[in-house]
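*Asks:* quick one: sequence plus predicted model below, questions after.
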Amino acid sequence: MSAAHPAPPHEDDIVGRVYDARLVGRLKEYVLPETPLLLASTALMFVVMGAQLMQPWIMKLLIDEHLLKSDAAGVARLALLYFLTFGVELVARFGQLYTMERTGQNVIRDLRCRVFAHLQSLDSSFFDANPVGRLMTRVTTDVESLADLFASGAVSLLGDVVKLCAIVALLWWLDWRLALVTFTAMPVLFVLSVMFRGRIRQSYRDVRRRIARINAFLQEAIGGMLLVQLYRREPEDRRDFEAINRDHRDAEVRSVVYESTFSAVVELVGILATAAIIWYGGGRIALGVLTFGTLVAFLEYTARFFGPIRDLSGFYAVLQAAMASLERLFDLLDTEPTIVARAPHAALAPGAAPDAGATPGAGPDAGDAAGRIVFDRVSFAYVPGEEILHDVSFAVEPGMTMALVGATGAGKTTVIKLLLRLYDPTAGRILLDGRDLKEMPPETVRRRIGVVMQDHFLISGTVAENIAFGDPLLSRERIVAAARQVHADPFVRAFPRGYDEAVRERGGNLSVGQKQLLSLARAVASDPSILILDEATSSVDTETELLIQDALRVVLRGRTSIIIAHRLSTILAADRILVFHHGRLAEAGPHAALLARGGLYARLCELQFGTRDAGPLRAAADRPLPAAEAPA
């Protein structure tokens, strides 16, 4: 498979073959470690089959040799043997089902973990093209469908086939004429199987598509519940969900109708065959050429003959489900991440940093300094042919604070995503301390960078766990120090359980400002050399903004930092400001120089401040915090 992500199938409609040896071969990787359980299940299955085949024969002997001859002692012995075979069958069946289910659950566990780990390795472009609901279906429903394959799968199929062959041989040996009567039902069963097979297969595919729709709808509806409630969309969403759910119900009913009809018809054929055996066998008993015990044994074996046939028809649907799920799962596992470490190329010469007006810093050691970032003629497009960034070049020196400003959609956040290797440039290169990012594993790049995004994502856990999210082994002392550094410590200690206070899903019990401060504490807790702030104060009140600004004066000291902000008052003290316009770097320089130039940045200041003199706002931003708010 090529490195590029394949186009996702429409509504998961991967048909595939009923049996695909290639997929089964790949599944062996997960099944082979469970060989001891498989062997145990197979052995117990033969014990069950042997006990089942003995019972009709014991019944024949009991009737012909003892019951009709009034041999009470013989009847008692064979009755005891008959019940003993039942006991052996029950115990062996329990063991066989347990070992097989255990095998299936172990395989499901390993495969599900493998799929989840693979999802974590895929890059952002994959998740842009695949809805969350579809991916949830992969990890849940598709993997779970394999449980049925093991519960009524290969071992049971082998047992059914062996049992059928054994019963055919026994029937033929008991009375070949009665056996021929029984086998007249086989052509009818074959025709019925061909008729129903296609319908059962199609109905299963319909059910799977509708399950994927339900998962996708639920993910979107629950994730956006606040918006739904604010805009009073509950009735419309209920109607939409009822329609999707009704469609799923109808598909399930069709599937059940086909499977139940086929099972009922097989049962009917079995009853007719049994009636024919009784009619023909009764006549032969009347003629004295067939014993009553043989007829009873024949009827018992015939009943056991149609049981495996019903099981085999059910196994067809199970196998179809498993093949479709395996096709989707392995298609996902075959999707290669595009963001990987590649072979090294020559790094940008020290001191060379193309920038519209930037001074990248000369000197032979500049490329080796900690936290030096260079964008070298970078272009990027999320969709081929629709470039978001056009030939962007700039450098950020170690310890420098660089601000990115511009209108919404100008490309600022895209710059951050490229720096974090969530995407790779379509042209040009990005260097970190003289190394092309494409030569570095994504986890190595991200370990060096702390990020505070505009969307404050918090996990369901404690305050301490949220701060230590990037490093679960972080000490409590370091967690508290990070909180103090960003002024989060006072409100955290005000919680009843302090740092052990539970945070609800997505921080539902915290204010926007508190979530932002915790996000900032999390970013600095691991002491990154580079700090990125994407609209860090966009959704907070003025008081909280002052707290964050004061915290930033501390946490940005000695770190390379990149700040994206629409509020220009928050970046007036930046060492350099890059102004983006329609994906291009339009201006670059410090605040005063850009104002003096009278270009795009000066117009942005005039729009926000009402004047091109930002002095009053700068003074407000630099004012000290009240004593009660001062950092601990």
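*Replies:* Alright, I've got the coordinates. Numbers count the residues shown, from 1 in each chain.
*Asks:* got the domain ranges for this structure?
*Replies:* With domains defined by automatic domain parsing, the chain comprises 10-333, 353-448+530-540+550-622, 452-527.
*Asks:* let me see the mean pLDDT of the last one.
*Replies:* Confidence over domain 452-527 (mean pLDDT, whole number) is 85.
*Asks:* how far does that domain stretch from start to finish?
*Replies:* 13 Å (Cα to Cα, to the nearest Å).
*Asks:* buried residues, stretch 203-218. List them.
*Replies:* 203-217 (16 or more other Cβ atoms under 10 Å). From N, CA and C alone the C-beta is placed, and that goes for glycine too.
*Asks:* ignore the last one, stretch 498-510
*Replies:* 499, 501, 503, 507, 510.
*Asks:* and the fourth one, how close does it get to Gly513?
*Replies:* As judged by Cβ to Cβ, to the nearest Å, Gly507 and Gly513 stand 11 Å apart.
*Asks:* correct me, but Asp128 touches Tyr382?
*Replies:* Yes: applying Cβ atoms under 8 Å, one finds Asp128 in contact with Tyr382, separated by 7.1 Å.
*Asks:* more neighbours, those two?
*Replies:* Tyr382 (14 against 11; other Cβ atoms under 10 Å).
*Asks:* what secondary structure does the more buried one sit in?
*Replies:* When classified by DSSP: H, G, I helix; E, B strand; the rest coil, Tyr382 comes out as strand.
*Asks:* one more: Ile532?
*Replies:* strand.
*Asks:* OK, contacts around it?
*Replies:* By Cβ atoms under 8 Å, 6 or more residues apart in numbering, the residues touching Ile532 are 416, 419-420, 449-452, 561-564.
*Asks:* make JSON lines from these and add neighbour count, distance to Val139 and secondary structure to it.
*Replies:* Putting these into JSON lines (neighbours: other Cβ atoms under 10 Å; distance: Cβ to Cβ, whole Å; DSSP: H, G, I helix; E, B strand; the rest coil) gives the following:
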{"residue": "Ile416", "neighbour count": "18", "distance to Val139": "29", "secondary structure": "helix"}
{"residue": "Leu419", "neighbour count": "23", "distance to Val139": "30", "secondary structure": "helix"}
{"residue": "Leu420", "neighbour count": "18", "distance to Val139": "25", "secondary structure": "coil"}
{"residue": "Ile449", "neighbour count": "22", "distance to Val139": "28", "secondary structure": "strand"}
{"residue": "Gly450", "neighbour count": "24", "distance to Val139": "30", "secondary structure": "strand"}
{"residue": "Val451", "neighbour count": "19", "distance to Val139": "26", "secondary structure": "strand"}
{"residue": "Val452", "neighbour count": "26", "distance to Val139": "29", "secondary structure": "strand"}
{"residue": "Ser561", "neighbour count": "25", "distance to Val139": "37", "secondary structure": "strand"}
{"residue": "Ile562", "neighbour count": "24", "distance to Val139": "35", "secondary structure": "strand"}
{"residue": "Ile563", "neighbour count": "24", "distance to Val139": "37", "secondary structure": "strand"}
{"residue": "Ile564", "neighbour count": "25", "distance to Val139": "33", "secondary structure": "strand"}
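*Asks:* for Ala166, state which of those residues is nearest.
*Replies:* Leu420 (64.0 Å; Cβ to Cβ).
*Asks:* looking at it, that closest one is touching Val451, isn't it?
*Replies:* Yes: using Cβ under 8 Å, Leu420 is in contact with Val451, at 6.8 Å.
*Asks:* identify the single longest helix in the chain, thanks.
*Replies:* The single longest helix within the chain, with elements called by DSSP state H, is helix 234-286.
*Asks:* what helices or strands is it leaning on?
*Replies:* If you count contacts as 3 or more Cβ pairs under 8 Å, 6 or more residues apart in numbering; DSSP states H and E, helix 234-286 packs onto helix 176-183, helix 186-223, helix 292-333.
*Asks:* ok, and what's touching the shortest one?
*Replies:* The one in question is helix 176-183. 168, 171-172, 273, 276-277, 280-281, 284, 290, 295, 298, 302, 305.
*Asks:* any idea how far stretch 119-129 is from the middle of the chain?
*Replies:* Computed by Cα atoms, centre = their mean, to the nearest Å, the separation of stretch 119-129 from the middle of its chain amounts to 11 Å.
*Asks:* do you know which of the helices and strands packed on helix 234-286 lies nearest Ala481?
*Replies:* Of the helices and strands packed on helix 234-286, nearest to Ala481 by Cβ to Cβ is helix 186-223, at 34.3 Å.
*Asks:* can you pick the most crowded of the contacts of helix 176-183?
*Replies:* Phe298 (25 neighbours).
*Asks:* so that residue touches Leu171, yeah?
*Replies:* Yes: between Phe298 and Leu171 there is a contact at 6.7 Å, judged by Cβ under 8 Å.
*Asks:* just to revisit the earlier point, tell me the one of the contacts of helix 176-183 nearest Ala586?
*Replies:* Phe305 (82.5 Å).
*Asks:* check contacts around that closest one.
*Replies:* Contact partners of Phe305, counting by Cβ under 8 Å, 6+ apart, are 164, 167-168, 171, 182, 270.
*Asks:* can you check Ile562 too?
*Replies:* Applying Cβ under 8 Å, 6+ apart, the residues near Ile562 are 373, 396, 402-404, 415-416, 419, 530-533.
*Asks:* turn the domains of the chain into CSV, columns for distance to Ile339.
*Replies:* Formatted as CSV, the domains of the chain follow (distance: least, Cβ to Cβ, whole Å):
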stretch, distance to Ile339
domain 10-333, 4
domain 353-448+530-540+550-622, 5
domain 452-527, 18
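*Asks:* of all the ones you listed, which lies closest to Val340?
*Replies:* Per Cβ to Cβ, nearest to Val340 of those: domain 353-448+530-540+550-622, 7.4 Å.
*Asks:* what is the mean pLDDT for that closest one?
*Replies:* 81.
*Asks:* picking that back up, lowest mean pLDDT across the helices and strands packed on helix 234-286, which one is that?
*Replies:* helix 186-223 (a mean of 76).
*Asks:* what helices and strands are in contact with it?
*Replies:* Using 3+ Cβ pairs under 8 Å, 6+ apart: helix 186-223 touches helix 132-137, helix 234-286, helix 292-333.
*Asks:* how many degrees apart are it and helix 292-333 in direction?
*Replies:* 40 degrees (axes from the mean of the first three to the mean of the last three Cα atoms, to 10 degrees).
*Asks:* what's the first helix or strand after helix 186-223?
*Replies:* helix 225-230 (DSSP states H and E).
*Asks:* quick one: mean pLDDT for that following helix?
*Replies:* Here the average pLDDT along helix 225-230 is 78.
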